[in-house]
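*Asks:* the sequence and its predicted three-dimensional model are supplied below.
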Amino acid sequence: MTARIAEVLIPLALDQTYSYAVPAGLDLAAGDVVAVPLGPRSRIGVVWEMRPGSGGNLKPVEGRIDVPPMRPALRKLVDFVARYTLAPKGSALGLALRLPGDAPDVTRVGVRLAGPPPERMTPARHRVIEAAAGGLVHTKRDLAKLADVSTGVIDGLVDAGTLETLALTAAPVVEDPDPAFARPDLSPDQRAAAQTLAAAVATAAAERAGTAPPPPVILIDGVTGSGKTEVYFEAVAEALRLGRQALILMPEIALTSAFLERFAARFGVRPAAWHSAVGTRRRDRILTGVEAGSVKVVAGARSALFLPFRDLGLVVVDEEHEQAYKQEDGVCYHTRDMAIVRGRLEAAPVLLASATPSIETRVNVGWGRFRRVALPERFGGRSLPSITTIDMRRDPPSQGRFLSPLLLREVERTVAAGEQALLFLNRRGFAPLTLCRACGHRTSCPNCSAWLVEHRFRRALVCHHCGHTERVPEACVACGSVGSLVPCGPGVERIAEEVAQCLPEARRIVLSSDFPGGTERLRTELEAVAKGEADIVIGTQLVAKGHNFPGMTLVGVLDADIGLTSGDPRASERTFQLLQQVTGRAGRGAKPGRALVQTYQPEHPVIAALVSGEAERFYAEETAAREAAGLPPFGRLAALIVSGEDRAAAEAHGRALAQVSEPPPGVMVLGPAEAPLALIRSRYRFRLLVKAVREVNLQAYLRAWLARAGKPRGSVRVAVDIDPMSF
Ligand code: ADP
Ligand code: ZN
Ligand code: ZN
């Protein structure tokens, strides 16, 4: 029997494909994009599989959509993401299925004068003929606008033979990057690394057709400013020489035009940038170009991982340790891990670049699964910044202030020398807590178990978890006292105020994700800072990473202890990475840099390792601790978050889950316990943690368990997070 039944996957939270009959005359294959009826509506989906059968009693496919089919590698990636994260397969498809909008301007219809005037002439037609004189080609819409007529008039003239139509092909999205445009003089270390990377790209290209071993994953482990970017550009160049495409993944905010310009300086043109601020029209064009193979290099945020490359020859994950790569809601996937899967499916090597590689990646190098190239020194003989601590117990700031006198003096000196200083505090807003001096009441969010953070610029109290915003009240809501509310602790806005008081002449800027005007404005500001248009930058982790500020010679860390006290086992690693990144912002230009770190516990292992530069020892100890605790990557971990509007119902379902957990040997189920944030957006949250040894197929176990437990009732939901980032 011929294959007349199409199994169609629809990008909704559905785990199964639906079966449809294929009407006579329609020739379908797996990967085709189709319209199918679902309930009362028509939906777009992808044929996942064709199977034999007459399909007699099934609803028929409505038709094929005229877009390129989804390639097998991308379909396999969707299958993998769903299987790995336990997300519904349709949700995973939603990440990858992108249809160009209804105005793709890749080909458009143009018109030009071609024949004699029409028999029936009208004033409108006359205006069109005048406007089209000279034989220029116009789009229909432009010509209609020029002549001030409706497009119907144009159509009439086409029918009459006065105008002819022709297909217009828009200019390419980007010109081809030229691998030979400006080859850098690499240092010996850099050259050795670049050769290794380029060889991996070439080998993978040569073997892509065969049954060769999977292409390698290579860690580029190099201190900040060592030239990692310069080196992976050489791998990109090799992919270009071989005619293959390359994808450079970056944390969203690192995709500044400074980066794109740097690419252009090496390759002659900018790469196609793919991130949330790219307009839909441009997205459509990039999408079509990526699909056709005409867009060679994409630099993108995490969603670029799912673009439909025709022949992907290289994937780079820049700043691979970045937590922003983990998608925390919807389909919970880690971009780095899924990039490795994509590389395998496409026979493309994957390069992971970082000055502070994650423990997972380091361990994978140790196990021989990843390779490693090292760039141990800053380029051009520049030294890493010297790092010293300021013991806040001995050198405290004056009353109500947060900068120690020592740090303040250094900032002053830096600015006087015409250099830039960064004051780093990983806290948005003005003050993290508003306290009533009269009764001790702490203002907290009505929807979440979290304090409201004062944002003075916006004159509001804001919840950082749900966005709840209220005006700063005149009187305490608990005791009614007027004027008794006091801000406690600093956020970046408060530091800016202090800087304004102490150094009123200095040009200062606060950079955090609250920046008015959103990501796009923020990118512009980051570039302005890089050009030296500010003396003092006061910023959160947003400025800590990946940026190159050549004039910055001083970094002051205001509260190195934030994050060290949380109960999260990853806290030390994360704090260490963040402090290394932020201190690494200093001295990337011609002048050497230094970092001053304010802390109340200079003897803490994280701070001590940072100051002494003994990163390897720190990592060795952290890794040993992870191994002893059986935590990833030595063991497997998953979190089930049970949430609901009704606390008791959520907790009850958590208990019911625990009761049928039936963990096999090597698996341990903990909880349910209140989640670290027990209430978010008016939903109460309970958490079960599942720990397993590596040999266990965690996904299979979880799937069977969730099936046993049955669907939760009412508003209760269960979300699965494989390898949660905080636990
Ligand atoms: P990383 O990515 O490791 O932080 P970058 O690639 O950003 O390092 O390099 C740091 C700085 O040094 C950049 O300004 C870069 O242009 C410069 N640089 C690195 N290698 C070279 C080289 N071989 N020739 C010229 N400049 C280089
Ligand atoms: Zn009060
Ligand atoms: Zn809230």
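*Replies:* Structure received. Ligands and ions are numbered 1, 2, ... in the order given.
*Asks:* so Gly532: helix, strand or coil?
*Replies:* Following DSSP: H, G, I helix; E, B strand; the rest coil, Gly532 is assigned to coil.
*Asks:* okay, it: pLDDT?
*Replies:* As summarised for this prediction, Gly532 has a pLDDT of 91.
*Asks:* for the spatially closest residue to it that is not a sequence neighbour, give its distance to ligand 3.
*Replies:* Among residues not flanking Gly532 along the chain, Gly551 sits closest, at 4.6 Å (Cβ to Cβ, 6 or more residues apart in numbering). Yep, even glycine has a C-beta here, placed from its N, CA and C like the rest. Distance, Gly551 to ligand 3, by Cβ to the ion, to the nearest Å: 39 Å.
*Asks:* show the contacting residues for Gly551.
*Replies:* 419-420, 532, 589 (Cβ atoms under 8 Å, 6 or more residues apart in numbering).
*Asks:* among those, who's most crowded?
*Replies:* Gln420 (28 neighbours; other Cβ atoms under 10 Å).
*Asks:* hey, what's that residue bridged with?
*Replies:* Met552 (DSSP bridges).
*Asks:* my read: it touches Val555, true?
*Replies:* No: using Cβ atoms under 8 Å, Gln420 makes no contact with Val555, being 9.7 Å away.
*Asks:* returning to what we had before: quick check: pLDDT value at the residue nearest to Gly532.
*Replies:* Value listed for Gly551 in the pLDDT field: 92.
*Asks:* phi, psi of it?
*Replies:* phi -90, psi 0 (degrees, to the nearest 10).
*Asks:* the protein - how does it break down into domains?
*Replies:* Under the TED database, the residue ranges defining each domain of the chain are 4-96, 108-168, 188-375, 386-431+489-625, 433-488, 635-722.
*Asks:* those: lowest mean pLDDT?
*Replies:* Among these, domain 108-168 scores lowest, at a mean of 83.
*Asks:* longest helix in the protein, please.
*Replies:* Criterion DSSP state H: the longest helix present in the chain is helix 188-207.
*Asks:* list the buried residues of it.
*Replies:* Within helix 188-207, the residues scored as buried using 16 or more other Cβ atoms under 10 Å are 189-190, 193-198, 200-205.
*Asks:* what lies in contact with that helix?
*Replies:* So helix 188-207 is contacted by 186, 215-216, 218, 220, 222, 226-227, 230-232, 234-235, 237-239, 242, 244, 313-314, 347-349, 351, 371, 373-377, 379 (Cβ under 8 Å, 6+ apart).
*Asks:* do stretch 527-539 as well
*Replies:* Taking Cβ under 8 Å, 6+ apart as the rule, stretch 527-539 contacts 256-258, 411, 415, 420-425, 492, 495-496, 499, 503, 506-512, 543, 547-552.
*Asks:* among the residues you listed, which are in helices?
*Replies:* Short answer: the contacts of stretch 527-539 in helices (DSSP H) are 257-258, 411, 415, 492, 495-496, 499.
*Asks:* can you add distance to Arg574 and give these back as TSV?
*Replies:* Below are the ones in helices among the contacts of stretch 527-539 laid out as TSV (distance: Cβ to Cβ, whole Å):
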residue	distance to Arg574
Ser257	29
Ala258	26
Val411	26
Val415	31
Val492	19
Ile495	22
Ala496	25
Val499	27
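*Asks:* out of those residues, which end up buried?
*Replies:* Buried, going by 16+ other Cβ under 10 Å: 258, 411, 415, 492, 495-496, 499, out of the ones in helices among the contacts of stretch 527-539.
*Asks:* mind telling me what element Val529 is part of?
*Replies:* Using DSSP states H and E, Val529 maps to helix 518-530.
*Asks:* ok, that helix near ligand 1 or not?
*Replies:* No: using Cβ under 6 Å from any ligand atom, we find that helix 518-530 stays clear of ligand 1, coming within 10.4 Å at best.
*Asks:* report the buried residues of that helix.
*Replies:* 519, 522-523, 525-527, 529-530.
*Asks:* residues touching the spatially most central residue of the chain, list them.
*Replies:* For the chain, the residue nearest the mean C-alpha position is Arg302 (3.9 Å; Cα atoms, centre = their mean). For Arg302, the contact set (Cβ under 8 Å, 6+ apart) comprises 249, 252, 324-325, 327, 335.
*Asks:* can you convert those into CSV and add a column each for distance to Pro68 and secondary structure?
*Replies:* CSV is the format used below for the contacts of Arg302 (distance: Cβ to Cβ, whole Å; DSSP: H, G, I helix; E, B strand; the rest coil):
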residue, distance to Pro68, secondary structure
Leu249, 23, strand
Glu252, 27, helix
Ala324, 30, helix
Tyr325, 28, helix
Gln327, 26, coil
Thr335, 24, helix
